[in-house]
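Colleague: let's see this in three dimensions:
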Amino acid sequence: MAKIPPVTKISPRLIRILGCNPGPMTLQGTNTYLIGSGQRRILVDTGDANVPEYVRNIKSTLFDERILINDIIISHWHHDHIGGVNDVLNVIENRDTCKVWKFPRVDATETVPNINLLQDGQKFVVDGATLEVLHTPGHTTDHIILLLHEENSIFSGDCILGEGTSVFEDLHSYMNSLQKILSMKPTVIYPGHGNIIQDPEERLRHYIDHRKQREAQIMTVFKQQPNLRFSEMDLVKIIYKDTPKNLWVAAAINVNHHLRKLTIEKKIIQEGDFWMFINKAASL
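Modeller: Numbers count the residues shown, from 1 in each chain. You can find the predicted model right below:
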């Protein structure tokens, strides 16, 4: 895993500033990005709250480059992406004119005041960069990615990571979002965590295939015993039998996501805390 510097000038239109908040879920930290080539630029994500090193790096970068932040776009509501908003606003010269944007949640009310709500397809234009907002739910209901038209590159937030695979709230929506991004054929992906992804198609297909393989294992169990009902843990004991038992609870959460997706697609049916195969041929 290549070490990510605190500040990286990736190109004349792109500066990456590491959130300096490393952890098991954030990897080396949250990647935040200053986009554009003129005086006024766009900041994507703000890292976590109360991280002095990140705030110093933001402040020094703005001073050294002689630039201002015109808009702050948040990829989704998780604290390691939105938590640092007020810290950033407190150190910029144009706090009163800088707008903070985020896509609306459908599963909870917004907790950050004075948020401007994004719309799918909305565009932001600054010197050297045209960004388009694309709603990609699954990781969260409000998750968005940003398409940089000049490069056909993508800022993926937590939809796709530089290392490992992402977690998600809704697998059905998440798979649709991955397929959507794959169809765009991005040239490069700038993730919310981890290193730049130079092989977008390969990474996206890996994400999709990984989930399809797990789904196929679950469906095999149902098809082999179509008249039985299974709980999440029943399936874990069959599919994850080589996985240490102390990880079975986490595996059950993962299985639940797959079961909900399969239920939406009417491949299985839920009966209380159990699921059962829908044998369409038998019902004809």
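
Colleague: figure out how far stretch 64-76 is from the centre of its chain.
Modeller: 20 Å (C-alpha atoms, centre = their mean, to the nearest Å).

Colleague: one more: stretch 114-130?
Modeller: Computed by C-alpha atoms, centre = their mean, the chain-centroid distance of stretch 114-130 equals 18 Å.

Colleague: work out for me the element residue 80 sits within.
Modeller: helix 79-82 (DSSP states H and E).

Colleague: any idea how far that helix is from the middle of the chain?
Modeller: With C-alpha atoms, centre = their mean, you get 12 Å for helix 79-82.

Colleague: quick one: buried residues of it?
Modeller: 80, 81, 82 (16 or more other C-beta atoms under 10 Å). Where you see a C-beta, it was placed from the backbone N, CA and C, and this is true even at glycine.

Colleague: how about low-confidence regions in this protein?
Modeller: 280-284 (pLDDT under 70).

Colleague: picking up where we left off before, list just the nearest of the buried residues of helix 79-82 to residue 204.
Modeller: Set against residue 204, the nearest of the buried residues of helix 79-82 by C-beta to C-beta is residue 81 (21.0 Å).

Colleague: might you report the residue contacts of the residue nearest to that closest one when sequence neighbours are not counted?
Modeller: Distances taken as C-beta to C-beta, 6 or more residues apart in numbering put residue 45 closest to residue 81, at 4.6 Å, once the chain neighbours are dropped. Residue 45 makes contact with 19, 30, 31, 32, 33, 73, 74, 75, 81, 82, 157, 192, according to C-beta atoms under 8 Å, 6 or more residues apart in numbering.

Colleague: ignoring the adjacent residues along the chain, who's closest to the last one?
Modeller: Leaving aside its chain neighbours, residue 192 sits nearest to residue 157 (4.5 Å; criterion: C-beta to C-beta, 6+ apart).

Colleague: would you agree that neighbour is in contact with residue 76?
Modeller: Yes - the pair residue 157 / residue 76 is scored as a contact, 5.9 Å apart, by C-beta atoms under 8 Å.

Colleague: of the two, which one has the most company?
Modeller: residue 157 (29 against 24; other C-beta atoms under 10 Å).

Colleague: how far away is that one from residue 52?
Modeller: Computed as C-beta to C-beta, to the nearest Å, the residue 157 to residue 52 distance reads 24 Å.

Colleague: who touches both of residue 157 and residue 76?
Modeller: With C-beta under 8 Å, 6+ apart as the test, residue 157 and residue 76 both reach 139, 143, 144.
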